[in-house]
Structures are given as structure tokens and as C-alpha cells.
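1. Any chance you could fold what I've pasted below:
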Amino acid sequence: MDTTAEMGWSTVTNGDLLKLAEESCYEVFVTTDQNLRYQQNLAGRRIGIVVLMSTSWPRIQQRITDMLTAISTAHGGGYEEVTI
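-> As a prediction, this is how the structure comes out:
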């Protein structure tokens, strides 16, 4: 798993970020951007999208199992939210 900062993509906007992730053969994109599905046309995406419904790392850590399940079942073009 890589972060946008590690990839040098931290200043890339969402649409371009999804495109870069797909071009780099990532299968799943994990984000805390709860507005992503309203801001981007997700139809036809090859990458699965998992949205964590919190930005709080301590809260996310408590739901790691749910997050990992969502990631492992994600599929191209799929969208799933993990309630935190």
C-alpha cells in the first residue's frame, strides 16, 4: 500500500489522481474524501474505491478489520463506504 505523498501525488486533484492510480495498475483506491462520488464520474473506472467515513486515525484503527474486508472485496468500478 502506498500513500499519495509517497508517490509524489499529494498535490494531484481527484480526477487526475484516480487516472494516475489506474495507469499505475492499482486495483483499489482508499480515501477519506466522502464527496468523491459526487465530484467525480465513477462510471467505467477500472479501480475499486473504498471510502473511509472518518479522517480520525484512532477511530480508523478501531475498524481495521472492516477496512481490510472492504479492500479485499473491492473490484474494478466498485464503490464501498466503511462506516467508522
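
2. make it CA atoms for all contacts and neighbour counts henceforth
-> OK.

3. Just list the residues touching the residue nearest the centre of the chain, thanks.
-> The geometric centre of the chain, computed from its C-alpha atoms, lies nearest to Val30 (Cα atoms, centre = their mean), at 2.2 Å. Contact analysis of Val30 by Cα atoms under 8 Å, 6 or more residues apart in numbering lists 49-52, 71.

4. nearest to Asp2, of those?
-> Ile71 (13.6 Å; Cα to Cα).

5. phi, psi of the closest one?
-> Phi and psi for Ile71, reported as degrees, to the nearest 10, are phi -70, psi -40.

6. What of the one 4 residues further on?
-> Dihedral angles phi and psi of His75 (degrees, to the nearest 10) take the values phi -140, psi 160.

7. Can you check my assumption that the residue nearest to the centre of the chain lies in a helix?
-> No - per DSSP: H, G, I helix; E, B strand; the rest coil, Val30 lies outside any helix segment and is strand.

8. Please renumber the chain so that the first residue is 27 from this point on.
-> From this message on, residue numbering opens at 27, which makes the last subject Val56.

9. For it, report the pLDDT, please.
-> Predicted confidence (pLDDT) for Val56: 95.

10. Which pair in the contacts of Val56 has the greatest spatial separation?
-> Leu78 and Ile97 (10.7 Å).

11. All the helices of the protein, residue numbers only.
-> Assigned by DSSP state H, the helices in the chain fall at 30-33, 40-49, 62-65, 83-87, 90-99.

12. roughly how far out does the first one sit from the chain middle?
-> Mean C-alpha position of helix 30-33 versus that of the full chain (Cα atoms, centre = their mean, to the nearest Å) differs by 13 Å.

13. Show me which of the contacts of Val56 is closest to Thr91.
-> For these, the closest approach to Thr91 (Cα to Cα) belongs to Ile97, at 9.9 Å.

14. quick one, what contacts that closest one?
-> Contacts of Ile97 by Cα under 8 Å, 6+ apart are 54, 56, 76.

15. what about 7 Å?
-> Going by Cα atoms under 7 Å, 6 or more residues apart in numbering, Ile97 touches 54, 76.

16. And it, how far from Glu53?
-> As judged by Cα to Cα, to the nearest Å, Ile97 and Glu53 stand 9 Å apart.
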